[in-house]
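**Q** give the three-dimensional model of this entry:
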Amino acid sequence: MRAIAIILIALVITPMVGASYETGEESWRSVEVDTTQWTDGPDLEGSPMDYPKPGDAVLAIDVEYKPSHLGSQVQGQIVIELFEKWAPNTTSNMIKNVEEGIYNGIFFHRVIDDFVTQAGDPTCKAVGIYPATSVTCGGGGTGTTIALEHNENLSHVDGAIGMARGQDPDSADSQWYIAETEAHGLDPENREDEGYATFGIVRNGMSHVRAIATVPTTDDPSGEEIVVNPASSAGRPIWEVHISNVEMIGVIPLQDDISNPSTKSFFSTVAGKTTISIASVVILVLGYLAYDRSKKEEPDAILLDLDED
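**A** Okay, the predicted model is just below:
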């Protein structure tokens with residue numbers, strides 16, 4: 001019985017210490033990110049994209065940039081949730097590119113204030129001293145394109161990440177952009193060319209996205225004018241907006257219902273679930289001890305001496 005009690009206790013305690021789970025072969029999927037540290041997100045507008053979805057993949061983009069001509073170099077991180085259930089093909093393509101490291105060392109090649117900041121071209125790397133780079137920068141990719149993917153839950157809200165493409169709706173490759181403000185003019189229902197695919201959203205580091213959007217560019221040397229959607233070869237930052245590293249860092253915690261934090265009860269939180277687990281252990285132990293004591297107080301029928309007449 002003691003062995004049974006120990007097994008029961010172990011089964012109850014295991015969830016308390018955070019058992020790992022696996023939805024893919026990648027090791028980072030066993031890491032649950034700490035969403036309580038996310039304090040620098042985009043403006044919310046009542047979209048299904050507003051709150052994190054348990055199990056979704058999360059990536060981090062490490063950036064370095066000068067916000068102005070006389071400004072000091074700034075280092076920061078932009079954290080993005082990928083909506084894998086709503087955009088499975090697009091997110092899978094993004095994860096593959098991140099895992100292959102094609103975004104490490106590139107720069108944001110197109111920056112448009114009050115619109116989008118664009119990167120993702122593996123040929124956009126400084127050759128010698130920036131801005132010297134490949135002649136294909138802005139038009140390069142991996143050579144593998146994906147089909148345009150839409151979902152009714154996804155749109156160009158503030159902080160949304162989407163796939164850049166050419167005239168062909170199915171020509172998206174590796175380039176992506178982050179909406180520095182809401183950009184619903186890119187949504188399919190507002191266009192005649194099927195629109196652009198969104199597949200994630202900034203969860204932390206939105207202040208860096210906004211700062212990058214206003215850096216001095218070839219179209220706006222002062223960084224103070226509004227430039228309306230210049231050509232893909234334009235909007236080049238005068239000072240390099242460098243992406244030193246992009247990596248998958250984990251997933252949204254599965255055990256927490258964080259779709260609407262304002263409605264969470266204590267018992268739906270980690271602390272609440274831990275309290276329930278501890279109480280369960282105490283009840284099991286007390287129940288076992290009471291049962292064990294009662295067994296000792298009762299005569300064992302098998303060992304009774306029966307008088308024979």
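**Q** from now on I want contacts and neighbour counts done on CA atoms only, so please keep to that.
**A** Noted.
**Q** residue ranges of the helices in this protein, please?
**A** Using DSSP state H, the helices of the chain run over residues 2-13, 88-99, 206-213, 270-297.
**Q** so where's the stretch 101-250 of the chain uncertain?
**A** In the predicted model of the stretch 101-250 of the chain, residues 220-233 satisfy pLDDT under 70.
**Q** do that again at 90, thanks
**A** 218-234 (pLDDT under 90).
**Q** residue ranges of the strands in it, please?
**A** 110-111, 116-119, 160-163, 176-179, 198-204, 242-251 (DSSP state E, counting those that start in this stretch).
**Q** the longest one to helix 88-99, inter-axis angle?
**A** Looking back up the chat, that one is strand 242-251. 120 degrees (axes from the mean of the first three to the mean of the last three CA atoms, to 10 degrees).
**Q** quick one: contacts of strand 242-251?
**A** By CA atoms under 8 Å, 6 or more residues apart in numbering, the surrounding residues in contact with strand 242-251 are 28-33, 54-65, 95, 98-99, 101, 103-108.
**Q** send over that strand as CSV, restricted to the C-alpha atoms.
**A** Extracted in CSV, the C-alpha atoms of strand 242-251 (Å, rounded to 0.1, in the frame of the first residue of the first chain):
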residue,chain,number,x,y,z
HIS,A,242,20.7,45.1,-38.3
ILE,A,243,19.1,41.8,-37.5
SER,A,244,21.8,39.9,-35.5
ASN,A,245,19.8,36.8,-34.7
VAL,A,246,16.4,35.3,-35.2
GLU,A,247,15.5,32.1,-33.3
MET,A,248,12.5,30.1,-32.0
ILE,A,249,12.4,30.5,-28.3
GLY,A,250,9.4,28.4,-27.2
VAL,A,251,5.6,28.2,-27.2
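**Q** would you mind listing the buried residues in it?
**A** For strand 242-251, a neighbour-count test (16 or more other CA atoms under 10 Å) marks H242, I243, N245, V246, E247, M248, I249, G250, V251 as buried.
**Q** list just the nearest of the residues you listed to G120.
**A** Nearest to G120, judged by CA to CA, of these is I243 at 9.6 Å.
**Q** hey, what's that closest one bridged with?
**A** Going by DSSP bridges, I243 is paired in beta bridges with V63.
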